[in-house]
Every structure is written in structure tokens, then in C-alpha cells.
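Chemist: Sequence first, then the predicted structure:
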Protein chains: 2
Amino acid sequence: MTATAPVTRLFHFVAANTGPWKVNAAHYLCGDPLPAATRIAVVPDTPEFHLNGASWSLRGITSNERYVTRAEKTALVAKQEGLGRTQASCAALIPIRKNAAWWALPQDERRQILEEQSQHVAIGMKYLPAIARRLHHCRDLSGNEPFDFITWFEFAPADSAAFDELLAALRASPEWQYVDREVDLRLSLANG
Amino acid sequence: MTATAPVTRLFHFVAANTGPWKVNAAHYLCGDPLPAATRIAVVPDTPEFHLNGASWSLRGITSNERYVTRAEKTALVAKQEGLGRTQASCAALIPIRKNAAWWALPQDERRQILEEQSQHVAIGMKYLPAIARRLHHCRDLSGNEPFDFITWFEFAPADSAAFDELLAALRASPEWQYVDREVDLRLSLANG
């Protein structure tokens, strides 16, 4: 990123006929599916952004941490790597929505379910730095968003099985009983 | 609210020449001020919403609780009253922004500052049910919002001094060292 590059926390995930990421598989785990897509582009928001030719798009915003403690944050920062690594030619786009029961819980009970019962942070940590991840929030972008979160993952082809293992552990956790919509798109960098 | 009323978590705070709430005073506590306003309307978002004739507007969305525990939530719900009480002809519109240092803190340290050090929840509780309150989040509506939160308060004229006391306690707390923009508009219901 150059010094003059626009800095935004808001990103668009655009499905169209062009885009750097080729869709290899789409899994509709629960709730409404998304229309089929062949390519995905991840585009930082700018005033000029528009959806010319997109078949659909999702948007999400990076934000402050909602659950992690100082000790967890320190451990994550020490181990994690960023997006855009040359070897990380595989990606996954996983939008999820949680149900009203989840959002009605107070902060302490959501934290309890997320980590003490489900080890969400600890599970993710096990797969660092192989599986890089950026979490985007959607729920409070408007009163009417199709998903609550979009997570974008990047990893090398050799780590695909590890990535499946990570997702299986999360999906088997008590936290996932609150997930009422989940789509899982698997992607790889298109060559040229 | 009727069964067919639109339900939204997103609200607009519109400054114009008309509107049910008359602006009696504007205090610019820190950061950039807002242009002068004579009337304020609080308008739930709809697809038809537009800003015809507004001199400015702010928007915010109600959301899940970020800090309160189950015990605190139970105590708040037992004591608080809603907006729109007939005797509550005074209101305050207080948008604030917190600095980057606040948003970089992990969840446990923000909670520690907000409650264990600053008694934010406990202070608000002391003034229930007299001072009714609705918190709106702005920070994650886009990557470029002028404030992080908008709080709307309603109370009877006789509780104005208590309201000032509540604000003085919050503003003297360690949490407020992270506030870098704050505007405080005092309002009363315009008669006809």
C-alpha cells in the first residue's frame, strides 16, 4: 500500500464474470443460498465504487475486537500473518448470520459461549500462521443486512485440509448453534 | 406501534427549521462543533427517507450490548422506562467519538475502563427510571462517520439537574479521557 492509497475499513465482495478469485465450490450450510458465482473480487470501498456488471455483492467492515482479551490479542498478533502472501493462492469467503437469541445475550454470556465453551479464538490460533483471516462486520451497516459477518481466509493449497479441520471444529461448537445462515465459497487465484 | 409499522434499528437525527424538538442550548465539549440548529426530528429509517430541507443530519443504529453482564442487564431492564413518556418533555442529543487508542484496546480492557474504573453502567442506573436513554452506534455504519455513538435522552423538566449530575459524573470518569469529540444539544418539546 502506498502512502497515498485510500484507507478504508469497508470492503465489497463482488461476484461477477471477472475478478482475481475463481470460485471452485459453493456450500450452502444453512439458510438461504447465494446465487451462483464464477469469480469474486475483494474491493476496498471508495466514493467511486459501483457494481457494474456484478451478479451480487456483499459488504462488511473491519472493526474493533468484540471478545478477545489482551493476552489473546498479544498471542494472535505474535503468530498471525496478513492477507496477500504469495503462497496463499487459496481463499474462502464465509458469510454467516446469527439468530436473534444470540444478539439478545449480554456480553458476558456471548463471550462465555464463544470462548470458554467453544474455544473460537483458541481454535483459530492453532492454525496460525497458515490460515490468514480478516473478519468483517455487517450487522450494523444498516438495519437490513443479509449476513452479520463475512470472514475472508487465505492459505496455501497444502493447508486446505487444515482449513477444513478448522471449520469442522468451529461448526461442531456450541457457538454454531446460534448460526442460522452460512455460505462457504472456496476460491483460488485465477491465473491471468 | 401498530403491527404494520416498519421496524428498524436505524434512526436519523435531522436538524431543520421544523421538527418536534426545539433546541434550547448547544454545548461543544471537544472536537469540531456542529452547525447551529433550531429544531431536531428523530426519524426511523425507511426506504423513502430523505433529507429535504435539513441543515444537517446524523444517523445511528441500535445494536446488541457491548459491555453489560447478565446481572447488569437484568437490573437495567427492571428499572428503565422507554422513550415517549408524556412527562418527558426534555431531551438531549449527545453524539460522541472516541479516539484510536480506545478502539485499539482489547475487549477486556475496554470493559475494565468503562465499568470497573468508570462505573458507566452503575452511574446510568442511579438515574433510572427518571432519565430514559437510547444508545445508537455509528462507527460501523461506514468507514467514515463523524461520530461513534449518538445517545438520545428523555426526562421531565424537574429532572434536568439530575441529568446534569449524571453527565458530570461520566465526563469526570477515566473513560472520558478517550472521548475526542462531543456535542451536547439540549431540547424540549415544541408546543404545536
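Modeler: That came through fine.

Chemist: Show me the residue sitting in the middle of chain A in space.
Modeler: Taking CA atoms, centre = their mean as the criterion, A:T151 is the residue nearest the geometric centre of chain A, at 0.4 Å.

Chemist: Report all helices and strands that the strand or helix carrying that one contacts.
Modeler: Take DSSP states H and E as the rule and A:T151 turns out to sit in strand A:149-155. When contacts are defined as 3 or more CB pairs under 8 Å, 6 or more residues apart in numbering or on different chains; DSSP states H and E, strand A:149-155 packs onto strand A:56-61, strand A:90-98, strand A:132-137, helix A:160-171. C-beta coordinates here come from the backbone N, C-alpha and C atoms, glycine included.

Chemist: my guess is A:R85 contacts A:D159, does it?
Modeler: No - with contact defined as CB atoms under 8 Å, A:R85 does not count as touching A:D159 (11.1 Å).

Chemist: between the two, who's got more neighbours?
Modeler: Taking other CB atoms under 10 Å in any protein chain shown, A:R85 and A:D159 do not tie; A:D159 has more neighbours (19 against 13).

Chemist: Spatially nearest residue to the more buried one (excluding sequence neighbours)?
Modeler: Of all residues not flanking A:D159 in the chain, A:A130 sits nearest, at 4.5 Å (CB to CB, 6 or more residues apart in numbering or on different chains).

Chemist: Which residues are in contact with the one you found?
Modeler: For A:A130, the contact set (CB atoms under 8 Å, 6 or more residues apart in numbering or on different chains) comprises A:155-156, A:159, A:162.

Chemist: quick one: secondary structure of it?
Modeler: coil (DSSP: H, G, I helix; E, B strand; the rest coil).

Chemist: So which residues on chain A come close to chain B?
Modeler: Within chain A, the positions adjacent to chain B are A:8-10, A:45, A:61, A:63-70, A:72-73, A:103-111, A:137, A:139-144 by CB under 8 Å from any CB of the partner chain.

Chemist: Buried among those residues? Make that a PyMOL selection.
Modeler: Buried subset of these, written as a PyMOL selection, criterion 16 or more other CB atoms under 10 Å in any protein chain shown:
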select buried, chain A and resi 9+10+45+61+64+65+66+67+68+69+72+73+105+106+107+108+110+111+137+139+140+141+142+143
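
Chemist: now, which of the residues of chain A next to chain B lie within helices?
Modeler: Judged by DSSP state H, the subset of those located in helices is A:70, A:72-73, A:103-104, A:107-111.

Chemist: what's the farthest-apart pair in these?
Modeler: A:R70 and A:A104 (27.4 Å; CB to CB).

Chemist: any weak-confidence spans in chain A?
Modeler: The model of chain A has pLDDT under 70 over residues A:1-6, A:192.

Chemist: just to revisit the earlier point, roughly how far does the residue nearest to A:D159 sit from A:F49?
Modeler: 32 Å (CB to CB, to the nearest Å).

Chemist: How much space separates A:N52 from chain B?
Modeler: 21 Å (CB to the nearest CB, to the nearest Å).

Chemist: so that residue is in which element?
Modeler: Using DSSP H and E, A:N52 falls outside every helix and strand.

Chemist: one step back: list only buried entries from the contacts of A:A130.
Modeler: Buried among those by 16+ other CB under 10 Å: A:155-156, A:159.

Chemist: Could you export the residues you listed as JSON lines, including distance to A:A190?
Modeler: Output for the buried ones among the contacts of A:A130, formatted as JSON lines (distance: CB to CB, whole Å):
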{"residue": "A:F155", "distance to A:A190": "17"}
{"residue": "A:A156", "distance to A:A190": "16"}
{"residue": "A:D159", "distance to A:A190": "19"}
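
Chemist: closest to chain B among the residues you listed?
Modeler: A:F155 (25.3 Å; CB to the nearest CB).

Chemist: Relative to A:L189, how far out is the closest one?
Modeler: For A:F155, the distance to A:L189 - CB to CB - is 12 Å.

Chemist: Please apply the same query to A:F153.
Modeler: Where A:L189 is concerned, A:F153 sits at a distance of 14 Å (CB to CB).

Chemist: Now do stretch A:94-101: distance to the chain's middle.
Modeler: Distance of stretch A:94-101 from the chain centroid (CA atoms, centre = their mean, to the nearest Å) equals 12 Å.

Chemist: Residues contacting it, please?
Modeler: By CB under 8 Å, 6+ apart, stretch A:94-101 touches A:13, A:31, A:34, A:58, A:60, A:138, A:146-153, A:167, A:178-185.

Chemist: A:A122 in helix, strand or coil?
Modeler: Per three-state DSSP, A:A122 ends up helix.

Chemist: count of neighbours near it?
Modeler: 12.

Chemist: so it makes contact with A:E115?
Modeler: Yes - with contact defined as CB under 8 Å, A:A122 and A:E115 form a contacting pair (7.2 Å).

Chemist: what pairs with the strand holding A:T151, and is each one parallel or antiparallel?
Modeler: Using DSSP bridges, strand A:149-155 pairs in its sheet with strand A:90-98 (antiparallel), strand A:132-137 (antiparallel).

Chemist: thinking again about what came up before, joint contacts of A:F155 and A:L189?
Modeler: With CB under 8 Å, 6+ apart, A:F155 and A:L189 have common neighbours A:90-91.

Chemist: higher neighbour count, A:F153 and A:L189?
Modeler: Set side by side, A:F153 and A:L189 show more neighbours around A:F153, with 23 against 14, by other CB under 10 Å.

Chemist: check contacts around that one.
Modeler: A:91-92, A:94, A:131-133, A:163.

Chemist: would JSON lines of the residues you listed with distance to B:A54 be doable?
Modeler: Formatted as JSON lines, these follow (distance: CB to CB, whole Å):
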{"residue": "A:A91", "distance to B:A54": "42"}
{"residue": "A:A92", "distance to B:A54": "43"}
{"residue": "A:I94", "distance to B:A54": "39"}
{"residue": "A:I131", "distance to B:A54": "47"}
{"residue": "A:A132", "distance to B:A54": "43"}
{"residue": "A:R133", "distance to B:A54": "41"}
{"residue": "A:F163", "distance to B:A54": "49"}
